[in-house]
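Visitor: I would like the atomic coordinates for the input below:
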Amino acid sequence: MELGKWMDISEEIQNSIKENGPVVALESTIISHGMPFPQNLETALEVESIIRKEGAIPATIAVVEGRIKIGLSNLELEQFAQGTKTVKVSSRDVPLVLSQKQDGGTTVAATMVCARMAGISVFVTGGIGGVHRGSEKTMDISGDLME
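Guide: Numbers count the residues shown, from 1 in each chain. Next up, the predicted model:
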């Protein structure tokens, strides 16, 4: 599978993966849909800083202009945190968001899939989706649980 056709992995993360170094995947819906600006950006930067202080490389994962990005720069994090047209992307949504060249915040499920494809086996999140009220009628169950 040729990941370079639709996935960009930062050089720092690529190098760490090649050297079997510690890399920690982070979801991005907390930034795009979970918190308002500027708290979302402050939180994202703080979490990345904590991971670095512990000796690992943070790999925030998102979809930017229809490409999966593994590891966002500070500028990309800031732009992403302020984005107004960012969609919420679960694993089932990845192909559509890529084909439509959209920006997307990856849920736990989508982040897990993207991290696995990139060779990252450790993942941190603030929480996962669940079974939503009224699910017996709507079947509104988070893809996070299945993934």
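Visitor: host element of residue 12?
Guide: Counting by DSSP states H and E, the element that carries residue 12 is helix 11-18.
Visitor: state the mean pLDDT of that helix.
Guide: Taken as a whole, helix 11-18 carries a mean pLDDT of 96.
Visitor: for it, which positions count as buried?
Guide: Across helix 11-18, burial judged by 16 or more other C-beta atoms under 10 Å covers 13, 14, 16, 17. Glycine gets a C-beta too; all of them are placed from N, C-alpha and C.
Visitor: and the furthest pair within those residues?
Guide: The distance between the two most remote of those (C-beta to C-beta) is 7.4 Å, for 14 and 16.
Visitor: on that earlier part again, so what touches the helix holding residue 12?
Guide: 9, 21, 22, 23, 57, 59, 70, 71, 118, 119, 120 (C-beta atoms under 8 Å, 6 or more residues apart in numbering).
Visitor: and it, how far from the chain's centre?
Guide: Centroid displacement of helix 11-18 relative to its chain, using C-alpha atoms, centre = their mean, to the nearest Å, is 17 Å.
Visitor: strands paired with the following helix or strand past that helix, and their directions?
Guide: Sequence order places strand 23-26 as the next helix or strand after helix 11-18, per DSSP H and E. Strand 23-26 pairs in its sheet with strand 57-64 (parallel), strand 122-124 (parallel), by DSSP bridges.
Visitor: tell me the most buried of those?
Guide: Per residue and on average, the most neighbours among the strands paired with strand 23-26 fall to strand 57-64, with a mean of 25 (mean count of other C-beta atoms under 10 Å).
Visitor: next, the angle from that one to helix 11-18.
Guide: Using axes from the mean of the first three to the mean of the last three C-alpha atoms, to 10 degrees, the inter-axis angle of strand 57-64 relative to helix 11-18 is 120 degrees.
Visitor: where does this protein have low pLDDT?
Guide: Along the chain, segments meeting pLDDT under 70 span 1-3, 127-132, 135-136, 138-147.
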